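Next input, structure requested:
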Amino acid sequence: MDISKRLGLVLLLILGIIILMGSLALANDKIPAVNQSCLSCHQREGFSIKNNGKEISLTVNPSVLTESVHKNNPCTTCHMGINGFPHQNVVYGSKLSTKVNKNCQMCHSNVATKYRKGSHWQATKEGETNVNCSNCHGEHDIQKLELTKHEEVELCTNCHQGEVLESYEESFHGKAVKLGSEEAASCIDCHGAHQVLGPDAKNSMVSKENVPETCAQCHNEPRANFAKGSEHVAMKAEGDGAPMYYTLKFFTWLTILTVSFLVIHIVIELVGKFRRIDQDVH
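Numbers count the residues shown, from 1 in each chain. Got it, this is the predicted structure:
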């Protein structure tokens, strides 16, 4: 076989590989066959059901699924036990979130181990609240979380409002993040993402023992007294925030009075100057 024929075969082989890779890429962008069956009903606009007197939408946008990181997963990966039609033993609302949440942990076992050690899982387990994977990661539009610091704070404050949010916004970290800093600490930097624990837990990132190490993620050479300050303290007339509250009030009024006296002084000087000029003219 001469060189030209060998070269032709090599080129054909390369072309075949390119076509095969392109076909696989296109195939990966398609919704799995089982999902096509689900979407034959669930992609219809206005598709809903009434449950306990409340109308619940059952419509799923196919384009949202194809853009999700789970685009190649069958619907039954998350909605286990849904077989045949009409569906049997269907649950809705918080019960559905809890059920799907358990299914998430079957695939994401490494993350689930941390999540089940955190306060979010404990609160959900005890029925105090319902913090599931979908609260942070979404439902059908699940994406890999690559958030800015500001978006991280917004995500957490969907649930954590009141004094927690107010005190963070008043802090240096909160103000810096609000102004666009990507270096100042967000909620996740201090509290973690999945194994979130309160300050009283020994393994918590914000316990007295671990605060210096947590601060060391950003601050060089953290000292033990990093743990002596109070976080999430709102500036109020009573409580831990009282010294800061009255200090702010003092300097606010000091600034107002200083500027006021300065303006009055300038006005008096100008009046006196114009009078002297008027006397010199006459």
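
same question for the one helix or strand Ile14 maps to, mean pLDDT?
With secondary structure defined by DSSP states H and E, Ile14 is part of helix 3-28. Taken as a whole, helix 3-28 carries a mean pLDDT of 60.

what does stretch 267-279 give?
Regarding stretch 267-279, the rounded mean pLDDT is 85.

So which bits of it are buried?
For stretch 267-279, burial by neighbour count (16 or more other Cβ atoms under 10 Å) applies to no residue. (Each C-beta comes from the backbone N, C-alpha and C, glycine too.)

residue ranges for the helices of the protein, please.
3-28, 33-42, 62-66, 93-107, 109-115, 119-125, 133-137, 149-156, 163-170, 172-178, 187-191, 211-215, 242-281 (DSSP state H).

who wins for proximity to Pro199 among the ones you listed?
Closest of the helices of the chain to Pro199 is helix 211-215, at 8.4 Å (criterion: Cβ to Cβ).

what's near enough to touch Ser109?
By Cβ atoms under 8 Å, 6 or more residues apart in numbering, the contact list for Ser109 is empty.

Quote the end-to-end distance of stretch 112-119.
Terminal residues of stretch 112-119 lie 13 Å apart, using Cα to Cα, to the nearest Å.

Any idea how far that stretch is from the middle of the chain?
Mean-position distance between stretch 112-119 and its chain equals 17 Å (Cα atoms, centre = their mean, to the nearest Å).

Name the residues of that stretch that are buried.
Quick answer for stretch 112-119 (16+ other Cβ under 10 Å): Ala112, Tyr115, Gly118, Ser119.

how close does Lys71 get to Gln143?
As judged by Cβ to Cβ, to the nearest Å, Lys71 and Gln143 stand 11 Å apart.

who has more neighbours, those two?
Lys71 (16 against 12; other Cβ atoms under 10 Å).

Look up the closest residue to the more buried one, ignoring the ones flanking it.
Leu65 (6.0 Å; Cβ to Cβ, 6 or more residues apart in numbering).

Could you measure from the one you found over to His265?
On the measure of Cβ to Cβ, Leu65 and His265 end up 70 Å apart.

and if you look at Val206?
Applying Cβ to Cβ to Val206 and His265 gives a distance of 50 Å.

More neighbours: which of the two?
A count of neighbours by other Cβ under 10 Å puts Val206 above the other of Val206 and His265, at 20 against 10.

What sits closest to the more buried one if chain neighbours are left out?
Pro199 (4.9 Å).

Leu155 now?
Cys136 (6.0 Å).

For Leu147, see how far away the one you found is.
Noted for Cys136: a distance of 10 Å to Leu147, by Cβ to Cβ.

cool, and Cys215?
For Cys215 relative to Leu147 (Cβ to Cβ), the value is 22 Å.

Please say which of those two ends up with more neighbours.
Per other Cβ under 10 Å, whichever of Cys215 and Leu147 has more neighbours is Cys215, with 19 against 14.

residues contacting the closest residue to Trp121 other than its chain neighbours?
Leaving aside its sequence neighbours, Trp121 sits nearest to Tyr115 (Cβ to Cβ, 6+ apart; 5.4 Å). Listed by Cβ under 8 Å, 6+ apart, the contact set of Tyr115 reads Gln105, Trp121, Cys133, His194, Gln195.

if I read this right, Met80 contacts Cys104, doesn't it?
No - assessed by Cβ atoms under 8 Å, Met80 is found out of contact with Cys104, at 11.0 Å.

Which one's more surrounded, the two?
Per other Cβ under 10 Å, whichever of Met80 and Cys104 has more neighbours is Cys104, with 19 against 13.

nearest residue to Glu166 other than its sequence neighbours?
Using Cβ to Cβ, 6+ apart, the closest residue to Glu166 is Ala234 (5.0 Å).

swap that for Lys202, please
Using Cβ to Cβ, 6+ apart, the nearest residue to Lys202 is Glu209, at 7.2 Å.

Tell me the predicted confidence for the one you found.
pLDDT, read off for Glu209, is 85.
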